[in-house]
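Visitor: Quick one: sequence plus predicted model below, questions after.
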Amino acid sequence: MKKVLHHGLLRVCGFTLAVLTLLSGCSTGHAAVSSKAGSAIASQAASAAPKVLRFGQANSGEPLDMQVSTGSLSASIADEVTESLLRFDDKNKEQPVLLEEFPTVSADGTVYSFTLKKGIHFTDGSELHSSDVKFTFERMFTPATGAKSYAYFNMIVGAKAMLKGTASELSGFQTVDDYHFKITLEYPYAPFVENLGTSYADIFPKNACKTAGSNWGVNVLVGTGPYILKSNDQNTQAVLVKNKNYHGGKVNLDEIDIIFYSDSKTKLLAYENGDIDLCDLPADLLSQYSGSYAKQITTYHPLGTSFLSINLKNEYLKNEKVREAISLAINRADLVKYVLNGAGIPATSYLNNSIPGHDSSLGIYEYNPAKAKTLLSEAGYAGGVTIDGGEVRQSEKALVEAIQSYLAEVGIKLKFKVVDASTWSADRVGGKLPFTAITWNALYPDADFQAYNYFYSTNSVSKSVNYSNSKFDGLLDQARKESVADKRAALYRQADYILSRQDYACIPLYYPQSQFIAKPYVKKMAVGNLIYHFWNVDIDPVDKASEKP
């Protein structure tokens with residue numbers, strides 16, 4: 001192959017030299033011909049060059065095994081290599097990937113029947129069979145795996161027994177043949193099909209995964225996706241190359257280089273210098289780049305809500321009037337305008353405005369400092385309160401400083417420190433935080449992820465929230481089993497109102513806007529929600545060749 005390419009280049013170079021020699025002897029009147037010929041040759045050479053996308057992002061510090069990793073940074077790499085049975089496209093619409101069609105569901109909502117597409121092969125050459133799907137889920141529920149997101153699937157019959165170590169097989173998984181299988185749930189669970197479309201349900205080849213052992217997701221990751229993991233240096237970059245036999249059709253790019261940067265400013269400087277083609281653009285740097293790079297910036301709205309997360313066991317925050325006073329003290333419109341440079345939408349409810357169950361009839365949470373002071377006095381704290389011990393990550397520092405200023409005006413003093421992500425995560429899970437700031441994103445447009453996983457009484461403990469309201473829990477339980485979309489949405493609207501406008505168990509701030517910056521020659525790039533996917537991305541080689549350095 002190298003010899004063919006070498007001789008091909010000699011022929012192109014020889015042709016170029018001949019044309020240039022001929023044109024050099026022509027009169028000035030033939031300059032236009034020379035220019036056109038030169039452009040045609042340049043375009044031909046550019047079109048023949050490999051299409052390599054250079055994407056800059058932070059290093060997740062986690063493996064690419066999405067059973068043990070939870071972050072979008074790992075998923076942006078893993079999802080190009082491994083695939084789930086279904087997936088959400090760039091418009092957040094779910095579609096079959098490894099299945100012939102969406103699974104059928106029994107009348108009682110507990111038995112799901114699946115049909116795999118035939119002829120799909122993992123990149124190690126083995127064909128996808130029902131046994132690989134069974135292995136994947138059993139691996140998830142095996143304690144030694146250390147899976148972190150099994151809660152989205154532990155309603156499968158037999159999952160809890162495996163998690164306890166009292167069973168080695170998943171009794172709720174029935175293999176019919178190589179291409180047909182059934183999954184039985186303990187109870188009807190409406191979001192089950194949506195959960196199957198997440199990164200946490202990526203399907204692994206049984207033999208390759210078992211052979212790789214602890215190296216799975218580190219230097220070895222085999223899947224059915226459009227790209228193959230060539231290398232993964234967790235300190236500098238991961239390299240993906242085209243899967244030429246991809247079952248889903250044409251793969252546009254020859255290679256994707258995911259290059260890791262320790263901070264956003266360094267990453268964006270690399271973008272300016274032409275070292276990368278694409279990266280995210282944080283809100284705090286938006287104004288800096290929105291002038292010269294306006295045409296290269298694309299904005300989108302993830303399915304999340306940014307809020308002040310508060311611990312109801314705190315001496316002061318357990319008082320409902322104090323919590324309401326905090327909400328009233330914050331000017332959300334100004335917060336978005338001045339602190340976020342307009343990159344957000346002031347919140348009107350906890351549920352994101354693209355999530356079914358969001359109440360669009362409500363206005364922005366009231367800003368009323370005078371009323372906040374009155375409530376604080378009624379709570380017995382006319383002289384003010386000091387809430388100490390909060391922790392935030394660097395990314396939320398500016399936001400919490402602004403909230404700190406708002407609250408100080410009504411007599412509430414917030415004290416916090418900036419910590420690294422691992423410390424923050426450990427302290428939050430340990431219930432040590434009286435307050436923090438967080439953006440809680442749904443993986444797809446469904447309220448169960450936003451509400452149940454964070455505020456349901458048993459789940460809120462590990463979030464340093466400790467919220468418990470039996471009516472709220474009951475609405476979420478009912479919504480999980482309700483199969484009619486409009487009825488589910490109505491239940492979530494009621495639950496949201498109780499959570500954020502009656503109990504003030506969280507203080508919603510805004511629905512974030514995100515943005516990425518991409519060179520003009522990067523085509524068809526879109527982000528539907530949290531995770532950067534490159535399934536449809538292409539590079540125009542001629543545009544790239546003409547790009548000024």
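Guide: Everything's here; your move.
Visitor: Please make it C-alpha for all contacts and neighbour counts, starting now.
Guide: Will do.
Visitor: Return the set of buried residues in stretch 254-262.
Guide: Using 16 or more other CA atoms under 10 Å as the burial criterion, the residues of stretch 254-262 that qualify are 254, 255, 256, 257, 258, 259, 260, 261.
Visitor: part of a helix, is the fourth one?
Guide: Looking back up the chat, that one is residue 257. No. Counting by DSSP: H, G, I helix; E, B strand; the rest coil, residue 257 is not found in a helix; it is strand.
Visitor: Quickly list what it is bridged to.
Guide: residue 54, residue 239 (DSSP bridges).
Visitor: if I pick it, what's in contact with it?
Guide: Contacts of residue 257 were listed using CA atoms under 8 Å, 6 or more residues apart in numbering, and they are 52, 53, 54, 55, 237, 238, 239, 240.
Visitor: so how far is residue 215 from it?
Guide: Noted for residue 257: a distance of 21 Å to residue 215, by CA to CA, to the nearest Å.
Visitor: ditto for the second one
Guide: Counting by CA to CA, the separation of residue 255 from residue 215 is 23 Å.
Visitor: With respect to residue 172, which of the contacts of residue 257 is nearest?
Guide: Residue 172 has its nearest neighbour among the contacts of residue 257 in residue 240, at 35.5 Å by CA to CA.
Visitor: Following element in sequence after whichever strand or helix holds residue 479, please.
Guide: According to DSSP states H and E, residue 479 maps onto helix 470-481. Next helix or strand after helix 470-481 toward the C-terminus (DSSP H and E): helix 485-497.
Visitor: For the residue nearest to residue 114 when sequence neighbours are not counted, the count of nearby residues, please.
Guide: For residue 114, ignoring the flanking residues on the chain, the nearest one in space by CA to CA, 6 or more residues apart in numbering is residue 103 at 4.9 Å. Residue 103: 20 surrounding residues under other CA atoms under 10 Å.
Visitor: and the gap between residue 103 and residue 418?
Guide: 46 Å.
Visitor: This protein - how does it break down into domains?
Guide: Domains of the chain are assigned by automatic domain parsing as 84-205, 225-300+514-546, 304-512.
Visitor: which residues of the stretch 251-400 of the chain fall in strands?
Guide: For the stretch 251-400 of the chain, the strands defined by DSSP state E, counting those that start in this stretch occupy 255-260, 278-280, 297-300, 304-310, 344-346, 385-392.
Visitor: Of all these, which one comes closest to residue 515?
Guide: Residue 515 sits nearest to strand 297-300 of all the strands of the stretch 251-400 of the chain, at 4.1 Å, using CA to CA.
Visitor: helices or strands next to the closest one in the packing?
Guide: The criterion is 3 or more CA pairs under 8 Å, 6 or more residues apart in numbering; DSSP states H and E, and the helices and strands that strand 297-300 contacts are strand 514-518.
Visitor: so how far is the helix or strand following the strand it packs on from its chain's centroid?
Guide: Counting by DSSP H and E, the next helix or strand C-terminal to strand 514-518 is strand 522-523. Taking CA atoms, centre = their mean, to the nearest Å, one finds strand 522-523 lying 21 Å from the centre of the chain it belongs to.
Visitor: Residue 495 and residue 351, how far apart?
Guide: Taken as CA to CA, the span from residue 495 to residue 351 is 10 Å.
Visitor: picking up where we left off before, so of the buried residues of stretch 254-262, which two are at opposite extremes in space?
Guide: Based on CA to CA, the longest span within the buried residues of stretch 254-262 runs between 254 and 261 and measures 22.7 Å.
Visitor: ok, now which ones touch residue 220?
Guide: 212, 229.
Visitor: thinking again about what came up before, distance to residue 75 added to the buried residues of stretch 254-262, as a markdown table?
Guide: Converted to a markdown table, the buried residues of stretch 254-262 look like this (distance: CA to CA, whole Å):
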| residue | distance to residue 75 |
| --- | --- |
| 254 | 20 |
| 255 | 17 |
| 256 | 14 |
| 257 | 15 |
| 258 | 12 |
| 259 | 15 |
| 260 | 14 |
| 261 | 17 |
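Visitor: Quick one, grab the pLDDT at residue 24.
Guide: At residue 24, the model reports a pLDDT of 41.
Visitor: same thing with the one 3 residues further on?
Guide: We note a pLDDT of 46 for residue 27 in this prediction.
Visitor: isn't residue 197 right up against residue 92?
Guide: No. The criterion here is CA atoms under 8 Å, and residue 197 misses it with residue 92 at 10.5 Å.
Visitor: Please report the distance of residue 267 from residue 292.
Guide: Distance, residue 267 to residue 292, by CA to CA: 17 Å.
Visitor: In terms of neighbours, single out the busier of those two.
Guide: Remark: of residue 267 and residue 292, residue 267 carries more neighbours, 24 against 8, as counted by other CA under 10 Å.
Visitor: if you skip the residues just before and after it, what's nearest to the more buried one?
Guide: Excluding the flanking residues, the one nearest residue 267 by CA to CA, 6+ apart is residue 261, at 5.7 Å.
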